[in-house]
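> What follows is a predicted structure for the sequence shown.
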Amino acid sequence: MAEWQTLSRRIDSVAPSATLTVDSKAKAMKAQGVDVISFGAGEPDFPTPDFIARAASQACLDPRNHRYTPTAGLPELRQAIADKTRRDSGYAVEPEQVVVTNGGKQAVYETFQILLDPGDQVIIPAPYWTSYPEVVTLAGGEPVPVFSGSDKGYLPSLDALEAARTERTKAIIINTPSNPTGVVWDDDLVRAIGRWAIEHHIWVVSDEIYEHLTYDGAHTPYPGALLPELRDQLIVLNGVAKTYAMTGWRVGWMVAPAPVAQAAGKLQGHMTSNVADVSQRAALTAIQAPLDEVRAMGRAFGLRRQAIMAALSQVPGVHCPEPKGAFYAFPDVTGLLNRPVGPRGTISRTSSDLAAAVLEEIHVAAVPGEAFGAPGHLRFSYALSDADLAEGMRRFQVWVGV
Ligand code: GLU
């Protein structure tokens, strides 16, 4: 491009999505015939359940679904999301508080566009999902990561959050079950953070996209149920992608105090308008159905969790706190750095180097911890088939020399 063709400082200030970069690299290698096993993107390998796809296919043939819907979503879908919130999270919200978005990601984006003025700070417990800080930056805000390592089970402490708080702290992000660690916070921690947020007038942004994926009796703590006083400053983000294996349908939502939801609708009216009508119909069918198929997929993920934990625990130099939710294992791999590993004696200085070496030498894709504010770690998504999981872990173990 010519010298004058500079792009905005805003877009130059953010990094590409590392999860999507690893995913597209793995998919491109596969397309070239390379036998890649991808633990990259967090994307269920199951097809969307039949009854949902069939409902969408019927909706597709009905011309009433070929039009714009209200920007904030089909009224019956907003109602269904309100009903589902009461069913799953245990408290009542009005349909006017719901905005249907293009995937959970648009709900994250809109939240910070609405909340932040330049210089406002958002506390982000780390390890965090890779897009949070970038989306905050895009909104002119300042991400403030607060790191907690594997020795603390990746759980933030209230003291560390308080130490990070300033006059400019506008919001905190809660994501439990967590991407990338799979850790599930307990009720007391969420309650304590909620009370702290109330005391200091801080918005709580609760990303609950993995709510139905918990194991060993763990449960998702819902801040809106645990602390009713918090609801006026609580923004809940969610979607159908992970629960119903519907990543490609792009249906997410926000549940927020009505003025926030109205502001999100205003913004979305200038961005994308409504989510595709047929996708909304599919989401409506999914949300209104019993959770049987969701539970069946959850059981399959639970078995894979055991398989990947058993495999990782045999690898010297790798330490992985047991994930109780989502579909990620997030081992500390510092024991594999700065020494020769694999038949070529490759020395990785960083977890990015290690991820690159593993991809190149054994065709196993994982996302480096740098993407999640946690250098020295690798994220393995175990939302892949049982056979691929076993083969990928076998390659990794052989490579490390187990
Ligand atoms: N949230 C998933 C992940 O972290 C999907 C990819 C993305 O949007 O980041 O892998």
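Received, thanks.
> out of everything not next to it in sequence, what's closest to the closest residue to the ligand within the stretch 251-400 of the chain?
Distances between the stretch 251-400 of the chain and the ligand by CB to the nearest ligand atom are smallest at Ser381, namely 6.2 Å. All C-beta atoms are positioned from the backbone trio N, CA, C, and that covers glycine. The shortest distance from Ser381 to any non-neighbouring residue, by CB to CB, 6 or more residues apart in numbering, is to Gly42 (4.6 Å).
> how about that neighbour, secondary structure?
Three-state call for Gly42 (DSSP: H, G, I helix; E, B strand; the rest coil): coil.
> Neighbours of it, how many?
Residues near Gly42, counting by other CB atoms under 10 Å, number 23.
> so how far is the ligand from Leu61?
30 Å (CB to the nearest ligand atom, to the nearest Å).
> per-residue confidence at that residue?
On pLDDT, Leu61 comes in at 98.
> Phi first, then psi, for it.
Main-chain torsions, Leu61, degrees, to the nearest 10: phi -90, psi 0.
> list the contacts for the residue nearest to Ser381?
By CB atoms under 8 Å, 6 or more residues apart in numbering, the residues touching Gly42 are Thr19, Asn179, Lys242, Ala326, Phe327, Tyr328, Ser381, Ala383.
> Just want the residue of the stretch 151-300 of the chain that's nearest the ligand.
Nearest residue of the stretch 151-300 of the chain to the ligand (CB to the nearest ligand atom) works out as Asn179 at 5.1 Å.
> how many neighbours does that residue have?
Using other CB under 10 Å: Asn179 sits among 27 other residues.
> okay, the nearest residue to it once chain neighbours are set aside: pLDDT?
Take Asn179 and drop its neighbours on the chain: the residue closest to it by CB to CB, 6+ apart is Trp129, 4.6 Å away. For Trp129, the pLDDT comes out at 97.
> where's Trp129 relative to Phe330, distance?
Look at Trp129 and Phe330: by CB to CB, to the nearest Å, they are 12 Å apart.
> cool, and Ala107?
Distance of Ala107 to Phe330, computed by CB to CB: 24 Å.
> same question, Trp253
27 Å.
> Ok, Glu322 next?
11 Å.
> Ile172 too?
21 Å.
> which residues does Leu389 contact?
Counting by CB under 8 Å, 6+ apart, Leu389 touches Phe39, Arg304, Ala307, Ile308, Tyr382.
> The first one against Pro368, yeah?
No. When contacts are counted by CB atoms under 8 Å, Phe39 is not listed as touching Pro368 (11.8 Å).
> the more surrounded of these two?
Using other CB under 10 Å, the more surrounded residue of Phe39 and Pro368 is Phe39, with 27 against 24.
> Now the phi/psi pair for that one, please.
Main-chain torsions, Phe39, degrees, to the nearest 10: phi -100, psi 30.
> which residues are in contact with both of Trp129 and Phe330?
Contacts common to Trp129 and Phe330, judged by CB under 8 Å, 6+ apart, are Pro180, Phe372.
> who's more crowded, the two?
Taking neighbours as other CB under 10 Å, Trp129 and Phe330 compare with Phe330 leading, 27 against 24.
> So the residue lying closest to the more buried one once chain neighbours are set aside: helix, strand or coil?
Spatial nearest neighbour of Phe330, excluding adjacent residues (CB to CB, 6+ apart): Thr181 at 4.4 Å. Three-state assignment for Thr181 (three-state DSSP): coil.
> CA atoms of the longest helix along the chain as CSV?
Longest helix in the chain, counting residues (DSSP state H): helix 292-313. Below are the C-alpha coordinates for helix 292-313, written out as CSV (Å, rounded to 0.1, in the frame of the first residue of the first chain):
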residue,chain,number,x,y,z
ASP,A,292,-31.2,-34.1,27.0
GLU,A,293,-28.9,-33.8,24.0
VAL,A,294,-26.8,-31.2,25.7
ARG,A,295,-26.3,-33.6,28.6
ALA,A,296,-25.3,-36.4,26.2
MET,A,297,-22.7,-34.1,24.6
GLY,A,298,-21.6,-33.1,28.1
ARG,A,299,-21.0,-36.7,29.1
ALA,A,300,-18.9,-37.2,26.0
PHE,A,301,-16.8,-34.2,26.9
GLY,A,302,-16.5,-35.5,30.4
LEU,A,303,-14.9,-38.7,29.2
ARG,A,304,-12.6,-36.8,26.9
ARG,A,305,-11.6,-34.6,29.9
GLN,A,306,-10.6,-37.7,31.8
ALA,A,307,-8.7,-39.1,28.8
ILE,A,308,-6.7,-35.8,28.2
MET,A,309,-5.9,-35.4,31.9
ALA,A,310,-4.7,-39.0,32.1
ALA,A,311,-2.5,-38.4,29.1
LEU,A,312,-1.1,-35.0,30.2
SER,A,313,-0.4,-36.3,33.7
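> The next helix-or-strand element following that helix pairs with which strands?
Downstream of helix 292-313, the next assigned helix or strand under DSSP states H and E is strand 328-329. Neighbouring strands of strand 328-329 in its sheet, by DSSP bridges, are strand 378-381 (antiparallel).
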